[in-house]
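**Q** generate coordinates for the sequence data below:
(4 chains)
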Amino acid sequence: MNYQMLYFASLADRAGRAEEVRDSAARTPRELYAEVAAAHDFTLAAERLRVAVNGAFVAWDHALADRDEVVFLPPVSGG
Amino acid sequence: MNYQMLYFASLADRAGRAEEVRDSAARTPRELYAEVAAAHDFTLAAERLRVAVNGAFVAWDHALADRDEVVFLPPVSGG
Amino acid sequence: MKCFRLADTSIDVDAEKAALGHAAAGGCVTFEGWVRDHNEGRVVRRLDYQAYAPLAESEGEAILAEALERFHVREARCIHRVGSLAIGDLAVWAGVSADHRDAAFAACRWIIDEVKLRVPIWKNEHYADGESGWLHPDNTPVVTSEYSR
Amino acid sequence: MKCFRLADTSIDVDAEKAALGHAAAGGCVTFEGWVRDHNEGRVVRRLDYQAYAPLAESEGEAILAEALERFHVREARCIHRVGSLAIGDLAVWAGVSADHRDAAFAACRWIIDEVKLRVPIWKNEHYADGESGWLHPDNTPVVTSEYSR
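**A** Now for the predicted structure:
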């Protein structure tokens, strides 16, 4: 399936990009994070992140669909 | 001695005036309040009031001097 | 420079807030007291504030100086209206700047509480039924509790 | 009507505050977060905020709706800057109106705390020594704690 990935903050710096389309066999955010973390050398553990699909927070075992927009969110620091 | 009295809020309403000069034998705010309370029918007990002389809070047994400005302050309600 | 003031015309909030600016401050908390259309179940039409001005100013200044000692804040200001106010009018403004928001919230709250407790200003509410009355610090009327005997 | 917004230009505080007006409200508390010239002992020159905009807006809106349920308040608003900011710039503004000041202080504090905790916005501080770094919610740098191994 193809996923539209968006990267923010330290993950964007680490990946060297703000977005990418990934062709992936991963079916959940958990599987997908393992894949992109290996690809981009992310060292932030999944437990430190939240995940959003199509603009809404989801659980790590959420079932992904083709063309989903998937975002792994580093700890926030607004305000 | 002569005292410059100022009245505020409910005490001014009760006295029917905002100020008066009193010729009095009172030597402390406590004595003076007993006198003006009787004269103007004030029912607020002294314990409910604070007293200021010449623009500063003082104790009820403060020694008054001729021409002092004396103010008995009802409970405040600003803000 | 005075940090506490009485105002007999509208409070210029922008000018007050500008005075709180500080490069080391990361947060600013302000409180505004507005004239409310109701109190203790009665409809309020307008109100008057009366102050014993010299003592109100020195006591207000003392509160702000104490706030700077008690809390880790950079600037603190307060301004209180006197005279006749309509519903929605700004009656009192207090503002604090601080490095961190904990101190800013705590100090701003403390200042407005102390002002209400200590500064010789009195509120006279005018009700929809034509009555009026001076209030106690807890917003209960002076008249019924003390004089209606 | 949106109560939480992201802004890529200066926040118009007067417009935000006007939206809090309510005849039954007796108090209004606002919080402003300013860009501070220091953090964790380092001199800060400027900073950038990045947001995941669609989720930041829906999460911010959810926080304000929750505030209206949790606290006895009349209106609540919040606006957060994105982009590049200088020292002293207004980064975030939150405001609440309520009948009584207890609720106004509590709700305003709760809102800014939740925004900092839940809304996907990230701060990148640029230091006087030329370094920069993304921050964690507790304002410690991401870089040294996660990547400098």
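**Q** C:Ile112: which element?
**A** helix C:101-118 (DSSP states H and E).
**Q** where does the most centrally placed residue in chain C land in three-state SS?
**A** Within chain C, the residue whose C-alpha comes closest to the C-alpha centroid is C:Val92; the distance, by CA atoms, centre = their mean, is 3.6 Å. Following DSSP: H, G, I helix; E, B strand; the rest coil, we place C:Val92 in the strand state.
**Q** looking at chain A, which helix or strand does the model trust least?
**A** Among the helices and strands of chain A, helix A:9-15 carries the lowest confidence by mean pLDDT, DSSP states H and E, at a mean of 94.
**Q** and the next helix or strand past that helix?
**A** strand A:19-23.
**Q** packing partners for the least confident helix or strand of chain A?
**A** On a contact count with 3 or more CB pairs under 8 Å, 6 or more residues apart in numbering or on different chains; DSSP states H and E, helix A:9-15 meets helix A:29-40, strand D:121-127, strand D:132-134. C-beta coordinates here come from the backbone N, C-alpha and C atoms, glycine included.
**Q** what sits up against the longest one?
**A** By that I understand helix A:29-40. A:3, A:5, A:11, A:14-16, A:22, A:24-26, A:42-44, A:46, A:49, A:51, A:53, A:58-62, A:64, A:70, A:72 (CB atoms under 8 Å, 6 or more residues apart in numbering or on different chains).
**Q** try the second one
**A** The set of residues that contact strand D:121-127 without belonging to it, under CB under 8 Å, 6+ apart, is A:8-10, A:74, A:76-79, D:6, D:39, D:42-51, D:56, D:80, D:82, D:132-135, D:141.
**Q** quick one: mean pLDDT over that strand.
**A** Averaging pLDDT along strand D:121-127 yields 92.
**Q** what angle do that strand and helix D:101-118 make?
**A** Per axes from the mean of the first three to the mean of the last three CA atoms, to 10 degrees, the angle that strand D:121-127 makes with helix D:101-118 is 80 degrees.
**Q** now stretch A:54-68: mean pLDDT?
**A** Rounded mean pLDDT across stretch A:54-68 is 98.
**Q** ok, and the closest non-adjacent residue to the residue nearest to the centre of chain C?
**A** C:Gly33 (4.1 Å; CB to CB, 6 or more residues apart in numbering or on different chains).
**Q** work out the gap between the one helix or strand the one you found maps to and the centre of the chain.
**A** C:Gly33 belongs to strand C:27-34 when assigned by DSSP H and E. Chain-centre distance of strand C:27-34: 10 Å, with CA atoms, centre = their mean, to the nearest Å.
**Q** cool, and stretch C:78-92?
**A** On CA atoms, centre = their mean, the centre of stretch C:78-92 falls 8 Å from that of its chain.
**Q** how far does that stretch stretch from one end to the other?
**A** The straight-line separation of the ends of stretch C:78-92 (CA to CA, to the nearest Å) is 7 Å.
**Q** buried residues in that stretch?
**A** The neighbour-count check on stretch C:78-92 (16 or more other CB atoms under 10 Å in any protein chain shown) flags C:78-82, C:85, C:87, C:89-92 as buried.
**Q** could you give the mean pLDDT of it?
**A** Here the average pLDDT along stretch C:78-92 is 96.
**Q** and for stretch A:16-35?
**A** Averaging pLDDT along stretch A:16-35 gives 98.
**Q** what residues does chain A have near chain D?
**A** A:6, A:8-10, A:12-14, A:43-44, A:52, A:55-57, A:71, A:73-79 (CB under 8 Å from any CB of the partner chain).
**Q** show the pLDDT at the most centrally placed residue in chain A.
**A** For chain A, A:Phe72 is the residue whose C-alpha lies nearest the centre (CA atoms, centre = their mean; 3.4 Å). Note on A:Phe72: pLDDT of 98.
**Q** roughly how far apart are the residue nearest to it when sequence neighbours are not counted and C:Ser10?
**A** With sequence-adjacent residues excluded and distances taken as CB to CB, 6+ apart, A:Phe72 is closest to A:Leu49, at 5.0 Å. Distance of A:Leu49 to C:Ser10, given as CB to CB, to the nearest Å: 50 Å.
**Q** of the two, who's got more company?
**A** Shown here are A:Leu49 and C:Ser10; by other CB atoms under 10 Å in any protein chain shown, A:Leu49 has more neighbours (18 against 10).
**Q** wait, what's in contact with that one?
**A** A:33, A:72-75.
**Q** quick revisit: and the least confident helix or strand of chain A, how far out from the chain's middle?
**A** 11 Å.
**Q** count of neighbours near the residue of chain A found nearest chain C?
**A** Using CB to the nearest CB, the single residue of chain A nearest to chain C is A:Gly79, 8.4 Å away. Neighbours of A:Gly79 under the rule other CB under 10 Å: 25.
**Q** contacting residues for it?
**A** D:33, D:80, D:91-92, D:112, D:115-116, D:121.
**Q** could you single out the nearest of those to chain B?
**A** D:Ile112 (23.4 Å).
**Q** just the pLDDT for the closest one.
**A** 98.
**Q** residues near it, how many?
**A** 24.
**Q** likewise C:Asp8?
**A** Neighbours of C:Asp8 (other CB under 10 Å): 11.
**Q** can you give me the distance of it to A:Pro29?
**A** On the measure of CB to CB, C:Asp8 and A:Pro29 end up 62 Å apart.
**Q** grab the nearest non-local neighbour of C:Pro141.
**A** Per CB to CB, 6+ apart, closest to C:Pro141 is C:Gly133, 4.3 Å.
**Q** no wait, A:Pro29
**A** A:Val51 (4.2 Å).
**Q** ok, that neighbour - contacts?
**A** Taking CB under 8 Å, 6+ apart, one finds A:29, A:33, A:57-60, A:62, A:70-73 in contact with A:Val51.
**Q** same thing with C:Ala76?
**A** C:3, C:20, C:64, C:67-68, C:94-97, C:107, C:111.
**Q** how about C:Ala98?
**A** C:25-29, C:71-74, C:104, C:107.
**Q** pLDDT score assigned to it?
**A** pLDDT, C:Ala98: 97.
**Q** next, count neighbours for the residue of chain A found nearest chain D.
**A** Going by CB to the nearest CB, chain D is nearest to A:Gly78 of chain A, at 3.1 Å. Neighbour count for A:Gly78, taken as other CB under 10 Å: 27.
**Q** what's the closest non-adjacent residue to C:Trp122?
**A** B:Ala9 (3.6 Å).
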